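>>> How does the following fold in three dimensions:
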Amino acid sequence: MNESKVSNRYANSLLSSASEEGKLDSIAKDMELIYSTIKANSSLGKALSSPIVRSQIKVSILEEIFKKKVSKETMDFLKFVVEKNREDLLENIAKKFLDLRDQKLGVVNVDVRSAVELSETQKKKLRENFEKLLNKKVRFSFVIDESVIGGFIAKAGDTVYDASLSHQLEILKKQFLKGGASLN
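Numbering: from 1, shown residues only. You can find the predicted model right below:
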């Protein structure tokens, strides 16, 4: 079975049990911590993936890092993953869990790049427009990118919404070259 299917199975299983037990929010926070920790620390990822490191050592490493920071249920899940020799997929499982949780809750992540910090009014208007457009709740992450001359570029899933000044000028240029735009 390929890694994606395995990760999906484990993530689905955890999502189901978290939902049934009414602990979706707390386990989601735990999974966010686990995902970001493994993603940021390549040494941890290598240790978990290494066939040389024994399972008991891997459990000890995970306990040392996460035991005081995550729920008992999450810690039990981590031990179960190691027991099944799937610890090399832990980062993927955590990411898939978070994606499935967002799907279940009808939430879409939108990354917004703009040249300057957007005001709260602009962010509110952007949220209203994207929630109406996507028909889902929106979770934004904002990044200042000086290469965006003006406006913004938003990415939701695989779709890019380019409302930057350079993009608008490019559209105008194409219209002039086709002879479709006029000056009045």
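>>> care to break this protein down by domain?
With domains defined by automatic domain parsing, the chain comprises 3-103, 106-178.
>>> and the first one, what's its mean pLDDT?
Mean per-residue pLDDT for domain 3-103: 94.
>>> what distance separates that domain from the middle of the whole chain?
15 Å (C-alpha atoms, centre = their mean, to the nearest Å).
>>> cool, the last one as well?
Computed by C-alpha atoms, centre = their mean, the separation of domain 106-178 from the middle of its chain amounts to 18 Å.
>>> same question for it, mean pLDDT?
Averaging pLDDT along domain 106-178 yields 89.
>>> Would you mind measuring the gap between the ends of that domain?
42 Å (C-alpha to C-alpha, to the nearest Å).
>>> And for Leu44, the neighbour number?
Other residues lying near Leu44 total 17 when counted by other C-beta atoms under 10 Å. For the C-beta atoms, the positions are set from N, CA and C on the backbone; glycine is no exception.
>>> Going forward, count from 97.
All set: I'll call the first residue 97, so the last point we hit is now Leu140.
>>> if you skip the residues just before and after it, what's nearest to it?
Closest residue to Leu140 apart from its sequence neighbours, by C-beta to C-beta, 6 or more residues apart in numbering: Ile134 at 5.6 Å.
>>> Surely that neighbour and Ala190 touch.
Yes - using C-beta atoms under 8 Å, Ile134 is in contact with Ala190, at 7.2 Å.
>>> out of these two, which sits in the busier spot?
Comparing Ile134 with Ala190 by other C-beta under 10 Å, the one with more neighbours is Ala190, at 28 against 19.
>>> Excluding sequence neighbours, find me the nearest residue to Leu230.
Using C-beta to C-beta, 6+ apart and skipping residues adjacent in sequence, the residue nearest Leu230 is Val204, 5.5 Å away.
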